[in-house]
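> pasting the sequence and the predicted coordinates here, then a few questions.
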Amino acid sequence: MPVATARTVSLHGAVGHLIDVQTDVSPGQVGLTLVGRPDASLSEARDRCRMAVVNSRLPWPATKRITVLLSPADLPKRGTHFDLARVRI
């Protein structure tokens, strides 16, 4: 199972929590699914990320299923900064 992992921070008041953003692109029903208590603003991330990939002249996997897991799942995620998760090095 090919999985890519990146990291970002979720802020709750003055406390930051590390969030792993794991993405899997695999055969299946075409679509993008967000998992891990995403807020309504994160639902719009589908369009923002797709446009960023397309405008970068990279191929969008139009015939694949994309699953994005935001973990830990017990923390609520709000805001648009999850679009810019940073890859671990």
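Cool, the structure landed. Worth saying up front: this structure is predicted, and the values here are computed from it rather than measured.

> what's the local residue count around Val68?
21 (other C-beta atoms under 10 Å). For glycine as for every other residue, the C-beta is placed from the backbone atoms N, C-alpha and C.

> where does the prediction get shaky in this structure?
Low-confidence segments of the chain (pLDDT under 70): 1-2, 81, 84, 86-89.

> would you confirm that Lys64 contacts Asp24?
No. The criterion here is C-beta atoms under 8 Å, and Lys64 misses it with Asp24 at 9.5 Å.

> which non-adjacent residue is nearest Gly16?
Leaving aside its chain neighbours, Gly16 sits nearest to Val9 (4.5 Å; criterion: C-beta to C-beta, 6 or more residues apart in numbering).

> and that neighbour, how far is that from Thr67?
Distance of Val9 to Thr67, given as C-beta to C-beta, to the nearest Å: 22 Å.

> before we move on, what about Leu75?
Leu75 sits 19 Å away from Thr67, going by C-beta to C-beta.

> could you report the neighbour count for the residue nearest to Asp74 when sequence neighbours are not counted?
The shortest distance from Asp74 to any non-neighbouring residue, by C-beta to C-beta, 6+ apart, is to Arg37 (7.4 Å). Neighbour count of Arg37, defined by other C-beta under 10 Å: 15.

> show me the contacts for Arg37.
70, 73-77 (C-beta atoms under 8 Å, 6 or more residues apart in numbering).

> just the buried subset of those residues, written out for PyMOL, thanks.
A single PyMOL command is used to select the members of the contacts of Arg37 judged buried by 16 or more other C-beta atoms under 10 Å:
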select buried, resi 70+77
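
> out of the contacts of Arg37, who's nearest Ser41?
Lys77 (9.0 Å; C-beta to C-beta).

> the helix or strand harbouring Leu70: partners in the sheet, and parallel or antiparallel?
Leu70 belongs to strand 65-71 when assigned by DSSP states H and E. Partners of strand 65-71 in the sheet, by DSSP bridges, are strand 15-26 (antiparallel), strand 31-35 (parallel).

> got CSV for those, with distance to Glu44 too?
Shown next, in CSV, are the strands paired with strand 65-71 (distance: least, C-beta to C-beta, whole Å):
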stretch, distance to Glu44
strand 15-26, 16
strand 31-35, 10
